[in-house]
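*Asks:* Output the structure for:
(chains A and B)
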Amino acid sequence: MRIYRSLFTYFIITVIAFGYVHQRVEIIKTGYSLQENRKQLSHLVDRNSKLMYNLSKLESPRNLLSSVNSDRIVFAGQRLHQRESYVLSRRDQANEEFVDGFIGRVMDIFTEKAEAKSRR
Amino acid sequence: MFRARQYAIFVVLSAIFLTLFFRLVYLQVFNHEKFKEMAEEQHNTVYRIEPLRGMISDRFGEPLAINLDTPSIYANPRIMDDKEAAARKLARILDVDKGVLIERFRRDKAFVWVKRWVASQAAERVKRLKLQGIYLVAESKRHYPNDAMAAHIVGFAGLDNTGLEGIELFHDSKLRGEPGFRYVVRDARSKPILFDEKSSVPAQNGLNIVLTIDSVIQYIAEEELGAMVKKFNASGASIIVMEPSTGKILAMASYPGYDLNNFSGAPAAAKKNAAISSVFEPGSVFKIIAASAALNEGVCTPDEKFNCENGSYRIGGRILSDYHPYGELTFSKVISKSSNIGTAKIARKLGKKKFCEYIQKFGFGKMNGIDLPGEVSGIYRSPSGWTPSDMTTIPIGQGIAVTPLQLACAVSVIANGGNLMRPYVVDHITSWEGGIVRENRPLLRRRVLKEETCREMQTILADVVKNGTGRRARSKVYTMCGKTGTAQMVNKEGGYYKNKYDATFIGFAPKKNPKISIVVTARDPHPSHFGGTVAAPAFKNIAEKTLEYLETNSNE
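*Replies:* Residues are numbered from 1 along each chain as shown, chains lettered A, B, ... in the order given. I've put the predicted structure just below:
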């Protein structure tokens, strides 16, 4: 009877030991899967920030305005041009360029010049 | 027989249990400390958590500097097998010198960098090689979505995310943040299993900085700067757009510029923020100082007449000449026609003591205290060392050197009714969660002029644009006020260059309620070199576009 009791005790101890080891293994497995999820999260966060970066780059006033400029679209300032349209027509643009170019050069001739100059 | 077997099993099991028991006692009791130490060393480690560098944005939150994870490649030379082959393959993909890599791989170290911040395609190719002892790690890298825009203000951060220029340098301690620590349990292959969150110290990310800069106005200024430089072949140029009532810098651009995402390739001269660190003789734009001082002190009136000696006048041992000869001109016309002789006479009437006092009151010869690195004070010689001729040359902007920022602050005094404001580019600083940590408010440095004087000066400066040397700054919609300046460039070997000039235009608009003051400078423009021809059109374009953008009506 004493032998059975001892064997039973050994059995219980072994089961407890296995249970403990199993629990440790499960903790480590969960740890690994947590790590994997963390990794995935940081990957997704990184992808998100990269997409946000690209979006902000595309949406930036500099990008939008330079695209508009490269397409030679000139905004018709409501106060400057007194027009209902938001974009200046090609003809109006040509007129503006003429005024700025030719008229500007003519104005240069008639504009008084000055220089800070003194000599001994 | 059965009993004997039972005993045999019992003895064997008892022997196994006893062996295990004594082994455990040996390990856990007698060698407890030793093995505990060994296990802790092997399983537990501390990871440093790098903080995220604070972001920089414009006044409406448009990002100007952000962080992105970028792959870096490192090696453990101790476990690499064929070092030469690895170096050859990596050198080809990463565009690195093979010899350098071989030298690094021969070191007896467990960690050497192969290349930091590589393109993701190159990192993917390296990953596919599956080289032993070669690893990839994600590192946070600074990115600038607008490339070269506002480069001189934003600045850049180098390797290890340390600020090296601009706001990145000036507010480095705030942007950098504090690193944290994380206690990690790892397996036999050093792979982390668990984080001990309780004893970990989280990283404190850097503070975010919101600038006073407006991306749209900055773009307008940079476009006009580029067009002016191209048209007049200038070797350098700068533009400042400021809110005169507060001192907020809305745009600041300098030429040459550089790409913030490729700063290592830019020459040192391009990294210099000319708007605050280059000095030049201002020429005729400086006449507004003598004129406003004389009006403020009541020694002259706008209608008082001055004999401009038909363009040539010997005074203080020098011959002063005007570009166009004039006879008698009123005080207002002396400024609008930019007569050197008339201005020298106004300054003489004011007197040296008062004139010097106003130069200092306007902030010349001292730094304005802008929150950017590299600001210089200009060159203002002590009045005790002035020669008699200095009282004729300094009022016309010769013999004194100023920065474009000093001119912006000075012209803002006239625009805002007489107050010298501290210029600033940081509007507020926020925590990572969005709470405001510090807010910059307009700071009045001193009162310089009476309001009445400012009104008179505004009328004179509007006349400069309407009838004087600044006609090219005239707008159909807005009443512009300004002053042209054309000064010979100082030769470092002594004297002046005969055919090199600094062309400048300073002003503000609209006249009635100035919303912006602008300074445009161009260094050595040609073929034309006059401030009225080179800088005034750029001023007009920037002012018109900016006021339109700010939804300012002409009658405001």
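
*Asks:* Nearest residue to the residue of chain A found nearest chain B in space, ignoring adjacent ones along the chain?
*Replies:* For chain A, the nearest residue to chain B under the criterion Cβ to the nearest Cβ is A:Ala114, separated by 3.3 Å. C-beta here means a position set from N, CA and C on the backbone, and glycine is covered the same way. Once its chain neighbours are removed from consideration, A:Ala114 has its nearest residue in B:Ser338; the separation is 3.3 Å (Cβ to Cβ, 6 or more residues apart in numbering or on different chains).

*Asks:* From the structure, what's the count of residues near the one you found?
*Replies:* Using other Cβ atoms under 10 Å in any protein chain shown, the number of residues around B:Ser338 comes to 32.

*Asks:* That one: helix or strand, and which one exactly?
*Replies:* If you go by DSSP states H and E, B:Ser338 is not part of any helix or strand.

*Asks:* Then the one 3 residues further on?
*Replies:* Assigned by DSSP H and E, B:Ile341 falls within helix B:340-350.

*Asks:* and the most centrally placed residue in chain A, which of the three is it?
*Replies:* The centre of chain A sits closest to A:Tyr53, judged by Cα atoms, centre = their mean, with a distance of 1.3 Å. State at A:Tyr53, reduced to three classes by DSSP: H, G, I helix; E, B strand; the rest coil: helix.

*Asks:* Tell me how chain A divides into domains.
*Replies:* Domain assignment for chain A, taken from automatic domain parsing, gives A:42-71, A:73-110.

*Asks:* and those as CSV, adding distance to chain B and mean pLDDT?
*Replies:* Below are the domains of chain A laid out as CSV (distance: least, Cβ to the nearest Cβ, whole Å; pLDDT from 0 to 100):
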stretch, distance to chain B, mean pLDDT
domain A:42-71, 4, 85
domain A:73-110, 4, 69
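
*Asks:* For B:Thr19, find the nearest of the ones you listed.
*Replies:* In terms of Cβ to Cβ, the element of these nearest to B:Thr19 is domain A:42-71, at 46.9 Å.

*Asks:* residues from the stretch 451-556 of chain B in reach of chain A?
*Replies:* Proximity of the stretch 451-556 of chain B to chain A is assessed by Cβ under 8 Å from any Cβ of the partner chain, with B:468-469, B:471-472, B:476-477, B:484-488, B:501, B:528, B:530, B:532-533, B:537, B:544-545, B:547-548, B:552-554 identified as the residues in range.

*Asks:* Just these: which are in helices?
*Replies:* Among those, the residues falling in helices (DSSP state H) are B:532-533, B:537, B:544-545, B:547-548.

*Asks:* Please type out the ChimeraX selection for whichever of those residues turn out to be buried.
*Replies:* Selection of buried members from these for ChimeraX, criterion 16 or more other Cβ atoms under 10 Å in any protein chain shown:
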select /B:532,533,537,544,545,547,548
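
*Asks:* B:Glu50: which of the ones in helices among the residues of the stretch 451-556 of chain B next to chain A is nearest?
*Replies:* Top of the list for closeness to B:Glu50, among these and by Cβ to Cβ, is B:Lys545 at 42.0 Å.

*Asks:* Please name the nearest non-neighbouring residue to that closest one.
*Replies:* Nearest one to B:Lys545, counting by Cβ to Cβ, 6+ apart, is B:Ile220 at 4.8 Å.

*Asks:* before we move on, back to that, follow the chain on from the helix holding B:Ile341 and name the next helix or strand.
*Replies:* Stepping forward along the backbone from helix B:340-350, the first helix or strand reached (DSSP H and E) is helix B:352-361.

*Asks:* how about the CA coordinates for that next one, as CSV?
*Replies:* Taking Å, rounded to 0.1, in the frame of the first residue of the first chain, the C-alpha atoms of helix B:352-361 are listed here in CSV:
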residue,chain,number,x,y,z
LYS,B,352,25.4,113.2,-35.6
LYS,B,353,24.3,112.4,-32.1
LYS,B,354,20.6,112.1,-32.9
PHE,B,355,21.3,110.2,-36.2
CYS,B,356,23.4,107.6,-34.3
GLU,B,357,20.8,107.3,-31.7
TYR,B,358,18.2,106.5,-34.3
ILE,B,359,20.4,104.0,-36.1
GLN,B,360,20.6,102.1,-32.8
LYS,B,361,16.9,102.6,-32.0
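
*Asks:* Mind giving me the packing neighbours of that helix?
*Replies:* Under the contact definition 3 or more Cβ pairs under 8 Å, 6 or more residues apart in numbering or on different chains; DSSP states H and E, helix B:352-361 sits against helix B:287-296.

*Asks:* Now do the helix it packs on, average pLDDT.
*Replies:* For helix B:287-296, the mean per-residue pLDDT is 96.
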